[in-house]
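*Asks:* Any chance you can model this:
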Amino acid sequence: MIKYLRTVVITVLAAAAVSCSGPGEVYEYSVSDLEFTLEGPLFAGPNSGQAEITVDLKEILGETYADGMRISDARLTSAEVFPNDSLGFNDVSAFIVSFASDNEDVSMQEAAVKNPLEEGASAILDVAPEAELGELMEEGKVYVVLDADLLEDYWDGNRNFKLNYTIDLTIK
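*Replies:* Numbers count the residues shown, from 1 in each chain. Sure thing, here's the model as predicted:
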(Lines give C-alpha, C1' and ligand atoms only; values in the text may rest on other atoms or scores of the structure.)
Protein backbone atom coordinates (compact mmCIF):
# COMPACT_ATOMS: atom_id res chain seq x y z
CA MET A 1 0.00 0.00 0.00
CA ILE A 2 2.83 2.42 0.84
CA LYS A 3 4.46 1.68 -2.54
CA TYR A 4 1.18 2.51 -4.25
CA LEU A 5 0.80 5.80 -2.33
CA ARG A 6 4.42 6.74 -3.10
CA THR A 7 3.76 6.11 -6.83
CA VAL A 8 0.59 8.24 -6.72
CA VAL A 9 2.39 11.09 -4.92
CA ILE A 10 5.30 11.02 -7.40
CA THR A 11 2.88 11.00 -10.33
CA VAL A 12 0.90 13.95 -8.92
CA LEU A 13 4.10 15.93 -8.25
CA ALA A 14 5.41 15.22 -11.75
CA ALA A 15 2.10 16.36 -13.29
CA ALA A 16 2.17 19.53 -11.18
CA ALA A 17 5.73 20.27 -12.26
CA VAL A 18 4.82 19.88 -15.94
CA SER A 19 1.72 22.05 -15.61
CA CYS A 20 3.72 24.75 -13.81
CA SER A 21 6.34 24.94 -16.52
CA GLY A 22 4.84 28.27 -17.59
CA PRO A 23 2.17 29.24 -20.05
CA GLY A 24 4.56 30.28 -22.82
CA GLU A 25 4.59 33.44 -24.87
CA VAL A 26 1.75 34.35 -27.20
CA TYR A 27 2.51 35.51 -30.74
CA GLU A 28 -0.02 36.77 -33.24
CA TYR A 29 0.06 34.93 -36.58
CA SER A 30 -1.95 36.48 -39.42
CA VAL A 31 -2.70 35.25 -42.92
CA SER A 32 -4.13 37.64 -45.51
CA ASP A 33 -5.79 37.03 -48.85
CA LEU A 34 -5.75 33.22 -48.68
CA GLU A 35 -7.54 32.26 -51.90
CA PHE A 36 -10.21 29.60 -52.26
CA THR A 37 -11.81 28.34 -55.46
CA LEU A 38 -15.00 26.36 -55.19
CA GLU A 39 -14.98 24.44 -58.46
CA GLY A 40 -18.24 24.11 -60.36
CA PRO A 41 -20.69 22.79 -60.98
CA LEU A 42 -21.80 23.79 -57.49
CA PHE A 43 -24.97 22.59 -55.84
CA ALA A 44 -27.28 24.09 -53.24
CA GLY A 45 -25.87 23.37 -49.79
CA PRO A 46 -22.26 23.27 -48.58
CA ASN A 47 -19.44 23.50 -51.12
CA SER A 48 -15.78 23.33 -50.06
CA GLY A 49 -12.52 24.89 -51.10
CA GLN A 50 -9.16 24.11 -49.56
CA ALA A 51 -5.84 25.92 -49.22
CA GLU A 52 -2.57 24.65 -47.80
CA ILE A 53 -0.42 26.79 -45.52
CA THR A 54 2.96 26.18 -43.93
CA VAL A 55 3.46 27.18 -40.31
CA ASP A 56 7.19 27.85 -39.95
CA LEU A 57 8.14 29.04 -36.45
CA LYS A 58 11.53 30.35 -37.63
CA GLU A 59 9.76 32.59 -40.13
CA ILE A 60 6.97 33.64 -37.74
CA LEU A 61 9.24 34.44 -34.78
CA GLY A 62 12.25 35.80 -36.67
CA GLU A 63 15.08 36.75 -34.34
CA THR A 64 13.21 35.60 -31.24
CA TYR A 65 13.21 31.98 -32.48
CA ALA A 66 15.40 29.50 -30.62
CA ASP A 67 15.94 25.81 -31.28
CA GLY A 68 13.49 23.64 -29.39
CA MET A 69 10.62 26.14 -29.46
CA ARG A 70 7.29 24.59 -30.27
CA ILE A 71 3.61 25.51 -30.48
CA SER A 72 1.81 24.46 -27.31
CA ASP A 73 -1.53 26.10 -28.08
CA ALA A 74 -3.21 27.97 -30.92
CA ARG A 75 -6.56 29.78 -30.97
CA LEU A 76 -8.26 31.52 -33.86
CA THR A 77 -9.03 35.10 -32.83
CA SER A 78 -10.56 36.51 -36.03
CA ALA A 79 -11.64 35.44 -39.50
CA GLU A 80 -13.22 37.33 -42.37
CA VAL A 81 -14.22 36.14 -45.83
CA PHE A 82 -14.18 38.43 -48.88
CA PRO A 83 -15.64 37.82 -52.33
CA ASN A 84 -13.03 37.32 -55.03
CA ASP A 85 -15.30 37.30 -58.06
CA SER A 86 -17.99 39.53 -59.56
CA LEU A 87 -20.80 37.61 -57.81
CA GLY A 88 -19.86 38.82 -54.34
CA PHE A 89 -21.85 36.94 -51.73
CA ASN A 90 -24.87 36.34 -54.03
CA ASP A 91 -26.69 33.13 -53.06
CA VAL A 92 -24.30 32.41 -50.15
CA SER A 93 -26.13 31.79 -46.88
CA ALA A 94 -23.27 30.75 -44.57
CA PHE A 95 -19.51 30.16 -44.23
CA ILE A 96 -17.53 27.74 -42.08
CA VAL A 97 -13.74 27.75 -41.68
CA SER A 98 -12.03 24.55 -40.50
CA PHE A 99 -8.42 23.47 -40.04
CA ALA A 100 -6.97 20.00 -40.72
CA SER A 101 -3.64 18.22 -41.19
CA ASP A 102 -2.30 15.00 -42.69
CA ASN A 103 -2.03 13.48 -39.20
CA GLU A 104 -4.93 11.03 -38.83
CA ASP A 105 -4.65 11.22 -35.03
CA VAL A 106 -5.49 14.95 -35.02
CA SER A 107 -9.11 15.76 -35.80
CA MET A 108 -10.25 18.51 -38.14
CA GLN A 109 -11.33 21.53 -36.11
CA GLU A 110 -14.24 23.77 -37.05
CA ALA A 111 -12.91 27.16 -35.94
CA ALA A 112 -15.29 29.87 -37.24
CA VAL A 113 -18.76 30.24 -38.69
CA LYS A 114 -21.10 32.88 -40.08
CA ASN A 115 -24.65 31.61 -40.22
CA PRO A 116 -26.79 33.16 -41.45
CA LEU A 117 -24.94 35.49 -43.76
CA GLU A 118 -27.34 38.36 -44.06
CA GLU A 119 -27.73 40.11 -47.40
CA GLY A 120 -25.37 43.07 -47.68
CA ALA A 121 -23.52 42.10 -44.50
CA SER A 122 -19.79 41.60 -44.27
CA ALA A 123 -18.59 38.08 -43.63
CA ILE A 124 -16.87 38.55 -40.27
CA LEU A 125 -17.08 35.05 -38.84
CA ASP A 126 -17.89 34.08 -35.27
CA VAL A 127 -14.84 32.37 -33.80
CA ALA A 128 -15.23 29.12 -31.86
CA PRO A 129 -13.16 29.75 -28.71
CA GLU A 130 -13.11 26.04 -27.87
CA ALA A 131 -11.37 25.13 -31.15
CA GLU A 132 -7.88 24.01 -30.12
CA LEU A 133 -5.59 24.32 -33.11
CA GLY A 134 -2.23 23.75 -31.38
CA GLU A 135 -1.68 20.16 -32.52
CA LEU A 136 -2.66 21.07 -36.08
CA MET A 137 -0.29 24.06 -36.19
CA GLU A 138 2.51 21.97 -34.67
CA GLU A 139 2.31 19.69 -37.73
CA GLY A 140 3.77 22.49 -39.88
CA LYS A 141 1.55 21.84 -42.90
CA VAL A 142 -2.08 22.83 -42.34
CA TYR A 143 -5.11 22.67 -44.58
CA VAL A 144 -7.60 25.51 -44.26
CA VAL A 145 -11.06 24.52 -45.47
CA LEU A 146 -13.71 27.06 -46.43
CA ASP A 147 -17.28 25.82 -46.75
CA ALA A 148 -19.76 28.12 -48.47
CA ASP A 149 -23.40 27.16 -48.15
CA LEU A 150 -25.15 28.08 -51.40
CA LEU A 151 -28.88 28.74 -51.68
CA GLU A 152 -29.10 27.52 -55.30
CA ASP A 153 -27.20 25.39 -57.78
CA TYR A 154 -24.51 27.25 -59.73
CA TRP A 155 -23.66 25.62 -63.04
CA ASP A 156 -21.76 28.45 -64.73
CA GLY A 157 -18.25 28.03 -63.34
CA ASN A 158 -16.47 28.52 -60.05
CA ARG A 159 -16.94 30.73 -57.01
CA ASN A 160 -13.90 32.49 -55.55
CA PHE A 161 -13.33 33.87 -52.06
CA LYS A 162 -10.46 35.18 -49.95
CA LEU A 163 -9.93 34.66 -46.24
CA ASN A 164 -8.06 36.79 -43.71
CA TYR A 165 -7.53 35.30 -40.27
CA THR A 166 -5.45 35.71 -37.12
CA ILE A 167 -4.36 33.01 -34.71
CA ASP A 168 -2.74 33.46 -31.29
CA LEU A 169 0.12 30.95 -31.08
CA THR A 170 1.41 30.05 -27.63
CA ILE A 171 5.09 29.13 -27.95
CA LYS A 172 7.13 27.26 -25.39
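
*Asks:* looking at this, residue 62 is in a helix?
*Replies:* Yes - counting by DSSP: H, G, I helix; E, B strand; the rest coil, residue 62 is located in a helix.

*Asks:* tell me the secondary structure for the residue lying closest to residue 129 once chain neighbours are set aside?
*Replies:* Among residues not flanking residue 129 along the chain, residue 75 sits closest, at 6.9 Å (CB to CB, 6 or more residues apart in numbering). Heads up, the C-betas are built off the backbone N, CA and C, glycines and all. The three-state label given to residue 75 by three-state DSSP is strand.

*Asks:* dump the residue contacts of residue 75.
*Replies:* 129, 131, 132, 133, 167, 168 (CB atoms under 8 Å, 6 or more residues apart in numbering).

*Asks:* buried subset of these?
*Replies:* Buried residues within these, counting neighbours by 16 or more other CB atoms under 10 Å: 131, 132, 133, 167.

*Asks:* could I get the residues you listed as CSV with pLDDT?
*Replies:* Below are the buried ones among the contacts of residue 75 laid out as CSV (pLDDT from 0 to 100):
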residue, pLDDT
131, 94
132, 94
133, 97
167, 97
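
*Asks:* how deep is residue 82 tucked in, by neighbour count?
*Replies:* By the measure other CB atoms under 10 Å, the count of residues near residue 82 is 14.

*Asks:* correct me, but it touches residue 160?
*Replies:* No - in this structure residue 82 lies outside contact range of residue 160 using CB atoms under 8 Å: 9.9 Å.

*Asks:* quick one, helices of this protein?
*Replies:* Ranges of helices within the chain are 2-19, 57-61, 134-138, based on DSSP state H.

*Asks:* between those, which gets the lowest average pLDDT?
*Replies:* Sorting the helices of the chain by mean pLDDT places helix 2-19 lowest, at a mean of 38.

*Asks:* so what's the residue nearest the centre of the chain up against?
*Replies:* Centroid check for the chain by CA atoms, centre = their mean gives residue 99 as the closest residue, at 4.3 Å. By CB under 8 Å, 6+ apart, the contact set of residue 99 is 76, 108, 109, 111, 131, 133, 136, 142, 143, 144, 145.
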